[in-house]
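A.B. asks: Only the shape, not the letters, is given here:
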């Protein structure tokens, strides 16, 4: 890939940043790659972050920090710009996906279809264009979380692979992601989480010795290494579980967002703390290192990154009720990927009979069979019973025993994020749509 590098600098990625529930589909992971979680409000989450694969030598694990530069992290996290909960204004449907490949240092976020639609809606509304009636509603906060149908900008998040110790305030008898038949477990760390996590990891000791002894320079030691590590507890600001006896004053409800108008000074985010033990469970995974290592995945094998042209299919499906906006925003660059019926309706609403400029030869739409529904509705997630959890049954030993790695029993908690499995059928429809469109269209121009 042009402009790509196998190693990501967290500093360069941060500098490059610019610009629910119900029928919700999270498309960050590839189908079958694992289960994805996000920390809930008002309930603590405990994870043990795992190392990543070394991008320069895939047979090895990457270190927490680079020995040659302690200010740079290894690849234990994957920084992604996310289009979060992009809503269909006609229904409760929402989609979340990765907007581009973070390895591509020259990616222009303004070329992303979703950002182009946001820019066009802004422009049309401000200029009062006659065909922009209704566009303003897509920019205004609405719904239970008071968010616009078109996000104002992408959100930079960190994706980590982990063992899940506690979720929504409940402990797992066997850490999720450890048993042989467990899928890989991933946690999406949003800005307040990863910023506070990085702050905790950056706290220095007074040690001024050998620079190759990286962990000695930091209070947390090496929180990622299999033979040391730390547990990361994520909690809503003001609800530190270590101070559980104190009155909580930051209880969160969706109504608070309505009242506060998403005032970040009023609505708290998340905070974290690191510990070497969790309820007598050591973060040292030496005794199960081989089993854990077999679970660790290369980011390229599990993160779903769609091209801009593929993302056109998503935004077209979400905003199909606004043909004029789709054509006004996307026709010059991505017109060949729009559904011909939607495109024709949009051109008519704009008062155009043909495209004024297009980046590639216009295909003969009479020969293109585009599925009526590019992205089908996800089937409802199956209802799972949530039996009472058993408490940890641990010996005084301070390491995770290999005996703890056993198949889950019927009494174990099944995460509510099982919608990942239910959405596999949706993924198949997306793949079919991609093939149907790409097989009949000319190759997009290289911009």
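C.D. replies: Yes, it's here. None of the values given here were measured: they were computed from a predicted structure. Numbering: from 1, shown residues only.
A.B. asks: Longest strand of the chain, counting residues only.
C.D. replies: strand 155-167 (DSSP state E).
A.B. asks: average pLDDT across it?
C.D. replies: In this model, strand 155-167 carries a mean pLDDT of 97.
A.B. asks: other SSEs contacting it?
C.D. replies: strand 45-49, strand 77-87, strand 170-176, strand 185-189, helix 191-201 (3 or more CB pairs under 8 Å, 6 or more residues apart in numbering; DSSP states H and E). Backbone N, C-alpha and C define where each C-beta goes, glycine included.
A.B. asks: ok, it: who's next to it in the sheet?
C.D. replies: Strand pairing for strand 155-167, determined by DSSP bridges: strand 45-49 (antiparallel), strand 77-87 (antiparallel), strand 170-176 (antiparallel), strand 185-189 (antiparallel).
A.B. asks: buried ones in whichever helix or strand comes after the second one?
C.D. replies: Okay, so that is strand 77-87. On the C-terminal side of strand 77-87, the nearest following helix or strand under DSSP states H and E is strand 94-98. By 16 or more other CB atoms under 10 Å, the buried positions in strand 94-98 come out as 94, 95, 96, 97, 98.
A.B. asks: Let me know the next secondary structure element after strand 94-98.
C.D. replies: Next along from strand 94-98, by DSSP H and E: helix 113-127.
A.B. asks: what comes up buried for that following helix?
C.D. replies: Buried, per 16+ other CB under 10 Å, within helix 113-127: 113, 114, 115, 116, 117, 118, 120, 121, 122, 124, 125.
A.B. asks: Could you tell me the model confidence score at the closest residue to residue 124 other than its chain neighbours?
C.D. replies: Nearest in space to residue 124, with sequence neighbours left out and distances taken as CB to CB, 6 or more residues apart in numbering, is residue 132 at 3.3 Å. At residue 132, the pLDDT value in this model is 92.
A.B. asks: quick one: residue 132 from residue 89, how far?
C.D. replies: 14 Å (CB to CB, to the nearest Å).
A.B. asks: Comparing the two, which residue is more hemmed in?
C.D. replies: Neighbours were tallied for residue 132 and for residue 89 using other CB atoms under 10 Å; the higher tally belongs to residue 132 (20 against 17).
A.B. asks: What segments of this structure are strands?
C.D. replies: All strands of the chain, identified by DSSP E, fall at 24-26, 35-37, 45-49, 65-66, 69-73, 77-87, 94-98, 155-167, 170-176, 185-189, 231-236, 270-275, 277-278, 281-282.
A.B. asks: how about JSON lines for the ones you listed, with distance to residue 309 added?
C.D. replies: Converted to JSON lines, these look like this (distance: least, CB to CB, whole Å):
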{"stretch": "strand 24-26", "distance to residue 309": "19"}
{"stretch": "strand 35-37", "distance to residue 309": "25"}
{"stretch": "strand 45-49", "distance to residue 309": "34"}
{"stretch": "strand 65-66", "distance to residue 309": "35"}
{"stretch": "strand 69-73", "distance to residue 309": "32"}
{"stretch": "strand 77-87", "distance to residue 309": "15"}
{"stretch": "strand 94-98", "distance to residue 309": "14"}
{"stretch": "strand 155-167", "distance to residue 309": "22"}
{"stretch": "strand 170-176", "distance to residue 309": "36"}
{"stretch": "strand 185-189", "distance to residue 309": "25"}
{"stretch": "strand 231-236", "distance to residue 309": "36"}
{"stretch": "strand 270-275", "distance to residue 309": "35"}
{"stretch": "strand 277-278", "distance to residue 309": "45"}
{"stretch": "strand 281-282", "distance to residue 309": "47"}
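A.B. asks: Does the residue nearest to residue 124 touch residue 349 like I think?
C.D. replies: No: between residue 132 and residue 349 there is no contact under CB atoms under 8 Å: 10.0 Å.
A.B. asks: Between those two, which contacts overlap?
C.D. replies: residue 324 (CB atoms under 8 Å, 6 or more residues apart in numbering).
A.B. asks: List the contacts of the residue nearest to residue 124.
C.D. replies: Applying CB under 8 Å, 6+ apart to residue 132 gives the contacts 121, 124, 125, 324, 325, 328.
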